[in-house]
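Asks: The following block contains a protein sequence and its predicted model.
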Amino acid sequence: MAHSMKTQAASSHQVLNQPALDSEEVWQARVDLAACFRMAAKHGLEEGICNHFSAVVPGYEDLFIVNPFGYAFRELTASMLLICDFHGNVVSGNGEPEATAFYIHARIHKNVPRARAAFHTHMPYATALSMTEGEPLIFAGQTALKFYGRTAFDRDYNGLALDEREGDRIAAAVGDADIIFMKHHGVMVLAPNIAEAWDDLYYLERACQVQTLALSTGRKVLPVDPHIAEAAYRQMREGDPESALRHLDAIKRALDAEDHNYRD
């Protein structure tokens with residue numbers, strides 16, 4: 001299912017100036033992203049070697065960190081992550097990005113600059129709801145209200161994203177949303193930083209899991225009154241940035257207690 005960039009047309013662009021990518025800030029972004037990969041694997045949010053997380057490199061708006069092709073999330077470490085430009089060049093790291101990872105994430109970061117972190121998975125409950133009739137989220141559970149008014153639904157599944165045109169189409173479908181359900185495919189979470197991307201990804205799958213369980217009873221699932229849903233959403237969003245940072249710190253402590261080699 002995953003595709004090597006070598007099977008795609010080679011880029012004609014060359015890296016003319018090697019940026020300085022050894023700052024503490026850049027390394028911390030690598031460590032944080034590696035922690036997210038490891039914890040996503042523990043929660044079963046990945047699918048084989050086909051899913052990908054990325055983050056804009058601190059200080060470089062046209063470079064992004066992404067996982068290399070051919071590795072499971074549970075294998076990844078900070079130093080294994082690649083830094084790529086928008087033309088498909090690997091500026092730092094060994095290997096190459098998976099083809100759909102490049103064409104989706106490069107175009108998202110280029111066309112939606114507010115998305116400084118982009119997490120794409122085929123996590124089971126969210127993906128299952130993308131396959132059903134109607135809107136994926138019903139906003140019936142409290143956790144789902146974290147995403148009230150923040151979602152978009154790309155209904156135009158168009159096969160694998162193996163060129164810039166499909167990447168641009170997906171980016172255009174984002175609009176003002178932070179969460180994009182991709183029909184027959186999976187989900188994309190966009191955020192201003194790695195911590196908030198992780199926080200949204202984790203709670204999105206929990207919300208979708210609870211909704212799927214509720215639907216499995218065969219009884220009607222009742223949405224929260226819109227006025228209350230809006231108020232609860234605002235309450236949650238006020239504390240989200242700090243809560244997300246603390247959530248990221250918590251997963252790093254949990255990983256450190258078991259095996260801190262994700263930091264390598």
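Replies: Everything's here; your move.
Asks: wait, isn't Arg206 in contact with Lys146?
Replies: No. Here Arg206 lies out of contact with Lys146, judged by Cβ atoms under 8 Å, at a distance of 9.6 Å. Every C-beta, even on glycine, is put in place using the N, C-alpha and C of the backbone.
Asks: Let me see the ranges of the strands in the stretch 1-150 of the chain.
Replies: Counting by DSSP state E, counting those that start in this stretch, the stretch 1-150 of the chain has these strands, from start to end: 52-56, 63-66, 82-85, 90-92, 117-121.
Asks: wait, what's in contact with Ala55?
Replies: 29, 32-33, 64-65, 116-118, 193-194, 197 (Cβ atoms under 8 Å, 6 or more residues apart in numbering).
Asks: Apply 10 Å and report the result again.
Replies: Residues counted as contacts of Ala55 (Cβ atoms under 10 Å, 6 or more residues apart in numbering) are 29-30, 32-33, 36, 64-66, 81, 105, 109, 115-119, 191, 193-194, 197.
Asks: Please apply the same query to Lys183.
Replies: Neighbouring residues of Lys183 by Cβ under 10 Å, 6+ apart: 130-132, 136, 153-158, 173.
Asks: Could you pull out the buried residues of stretch 153-172?
Replies: Buried residues in stretch 153-172, defined by neighbour count with 16 or more other Cβ atoms under 10 Å: 153-154, 161-162, 164, 166-168, 170-171.
Asks: Do me a favour and get the end-to-end distance for that stretch?
Replies: The first residue of stretch 153-172 is 12 Å away from its last residue (Cα to Cα, to the nearest Å).
Asks: now that stretch, how far from the centre of its chain.
Replies: If you compare the mean C-alpha spot of stretch 153-172 with that of the full chain, they lie 16 Å apart, counting by Cα atoms, centre = their mean, to the nearest Å.
Asks: repeat for stretch 180-196
Replies: How far stretch 180-196 lies from its chain's middle: 5 Å, per Cα atoms, centre = their mean.
Asks: got it, and stretch 33-40?
Replies: Computed by Cα atoms, centre = their mean, the separation of stretch 33-40 from the middle of its chain amounts to 11 Å.
Asks: Contact partners for Arg116?
Replies: Residues in contact with Arg116, defined by Cβ under 10 Å, 6+ apart, are 29, 54-58, 61, 64, 109, 190-194, 196-197.
Asks: which residue packs closest to it, ignoring adjacent ones?
Replies: With sequence-adjacent residues excluded and distances taken as Cβ to Cβ, 6 or more residues apart in numbering, Arg116 is closest to Val56, at 4.5 Å.
Asks: what about that neighbour, how many residues close to it?
Replies: A count of nearby residues for Val56, using other Cβ atoms under 10 Å, gives 22.
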